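1. Structure for the following, please:
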Amino acid sequence: MATKGRPREGAPTRYTDGSAVTPDDAVDLADGPCVGLSCAGAGVASVDFVDGSTAIIVGLLVGANPYAVTRVRSTGTTATGIVALY
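-> Predicted coordinates:
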């Protein structure tokens, strides 16, 4: 059940919480839709956005990235140490 995810308008100026992400092709983020992703190791992320679309984010950078997603898929994801930001 989603406990942290909450929609926000526009890009966040700060994040107040985070949860470690285990990429999974079938399971949404445990704490609901996030407003950003952070990663320890740069790479590619295969994601489902809050609007229902999917994409491969090429060049996910180390640090905070303002992508609002519901799922980080394991297939196609190479970025490591991913944290969902809330």
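2. The most centrally placed residue in the chain: what's it in contact with?
-> The geometric centre of the chain, computed from its C-alpha atoms, lies nearest to residue 37 (Cα atoms, centre = their mean), at 4.2 Å. Residues counted as contacts of residue 37 (Cβ atoms under 8 Å, 6 or more residues apart in numbering) are 21, 45, 47, 60, 64-65, 67, 69, 72, 82-85. Quick note: C-beta positions are derived from backbone N, CA and C, even for glycine.
3. how near is it to residue 17?
-> 13 Å (Cβ to Cβ, to the nearest Å).
4. Can you check which residues contact both of the two?
-> Common contacts of residue 37 and residue 17, defined by Cβ under 8 Å, 6+ apart, comprise residue 85.
5. OK, contacts around the residue nearest to residue 23 when sequence neighbours are not counted?
-> Counting by Cβ to Cβ, 6 or more residues apart in numbering, residue 74 is the residue found nearest to residue 23 once chain neighbours are left out, at 4.0 Å. Shown in contact with residue 74 (Cβ under 8 Å, 6+ apart): 23-25, 46.
6. In strands, which of those fall?
-> residue 46 (DSSP state E).
7. Only the buried subset of the contacts of residue 74, as a ChimeraX command please.
-> Listed next is the ChimeraX selection for buried residues among the contacts of residue 74, using 16 or more other Cβ atoms under 10 Å:
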select :23,46
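8. Do a quick rundown of the strands in the protein.
-> Assigned by DSSP E, the chain shows strands spanning 18-20, 36-39, 43-49, 54-60, 63-65, 69-73, 83-85.
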